[in-house]
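Participant: Model the structure of this input:
(one chain, ligands or ions: 2)
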Amino acid sequence: MEGRLVPRVAVAVFVVRDGEQVLLGRRLSSIGDSSFALPGGHLEFGESWEECAAREVKEETGLDIHRVEFLKVTNNVLRDEVRPAHYVTILMRAVLVDEAQSTPQNLEPEKCEGWDWYKWSDLPKPLFGPLALQVQSGFSPFLCHS
Ligand code: 8DG
Ligand code: MG
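Facilitator: Ligands and ions are numbered 1, 2, ... in the order given. As a prediction, the model looks like this:
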């Protein structure tokens, strides 16, 4: 069965605020259900990673981002899910266009319980597996230079 599965490219975005907060939402999905994850999704044909990051954040939260930067590429083999999947995930960082308008909307309620800001030093649990691995490895979007 696994032989027919193809790795796909995803973009996930650390939208950072006040030098210590990130935007996370609790997933409603066959992959990583009820875990906290970054906004993000699949890279579409012809898109740059920056364009994909801005589109996904806008579609999922209604927020406009800019200063979108590449941070890291990760390889995520999600074998133990109901529907196993393999993602090459591009991690990006961005800030809000308007810090005064930072209240996220839950625009895809079938995919997410809701979005909120969390301190990097006090992240909610459980984190989505691929994000948890980054945190465990010591990665931080606040200590990372692109
Ligand atoms: P789309 O159809 O709107 O493009 O996609 P989506 O429904 O929003 O996809 P997604 O599951 O949110 O993101 C695609 C994959 O990206 C996800 O199944 C696994 C991978 N991924 C990571 N880390 C993260 C993360 O922190 N957040 C999100 N959203 N996806 C992530 O490897
Ligand atoms: Mg998504």
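Participant: hang on, residue 82 packs against residue 30?
Facilitator: Yes - in this structure, residue 82 is within contact of residue 30 by CB atoms under 8 Å, at 5.0 Å. In this view, the C-beta of every residue, glycine as well, is placed from N, C-alpha and C.
Participant: Alpha carbons of the longest strand seen in the chain, as CSV, please.
Facilitator: Ordering each strand of the chain by length in residues (DSSP state E) puts strand 65-78 first. Extracted C-alpha coordinates of strand 65-78, given in CSV (Å, rounded to 0.1, in the frame of the first residue of the first chain):
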residue,chain,number,x,y,z
ILE,A,65,1.4,38.4,6.6
HIS,A,66,4.6,39.9,5.1
ARG,A,67,8.4,39.6,5.5
VAL,A,68,8.0,35.9,4.7
GLU,A,69,11.3,34.1,5.0
PHE,A,70,12.5,30.6,4.5
LEU,A,71,13.8,28.9,7.7
LYS,A,72,14.2,25.1,7.2
VAL,A,73,13.2,22.1,5.2
THR,A,74,12.0,19.0,7.1
ASN,A,75,11.2,15.5,6.1
ASN,A,76,8.1,14.0,7.7
VAL,A,77,7.1,10.4,7.3
LEU,A,78,3.7,10.1,9.1
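Participant: Give me the mean pLDDT for it.
Facilitator: Strand 65-78 shows a mean pLDDT of 98.
Participant: Is that strand positioned near ligand 1?
Facilitator: Yes - shown here: strand 65-78 in contact with ligand 1 (CB under 6 Å from any ligand atom) through residue 76.
Participant: helices or strands next to that strand in the packing?
Facilitator: Judged by 3 or more CB pairs under 8 Å, 6 or more residues apart in numbering; DSSP states H and E, the packing partners of strand 65-78 are strand 8-17, helix 49-61, strand 85-96, helix 129-136.
Participant: Reformat these as JSON lines; add mean pLDDT.
Facilitator: JSON lines is the format used below for the helices and strands packed on strand 65-78 (pLDDT from 0 to 100):
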{"stretch": "strand 8-17", "mean pLDDT": "98"}
{"stretch": "helix 49-61", "mean pLDDT": "98"}
{"stretch": "strand 85-96", "mean pLDDT": "98"}
{"stretch": "helix 129-136", "mean pLDDT": "98"}
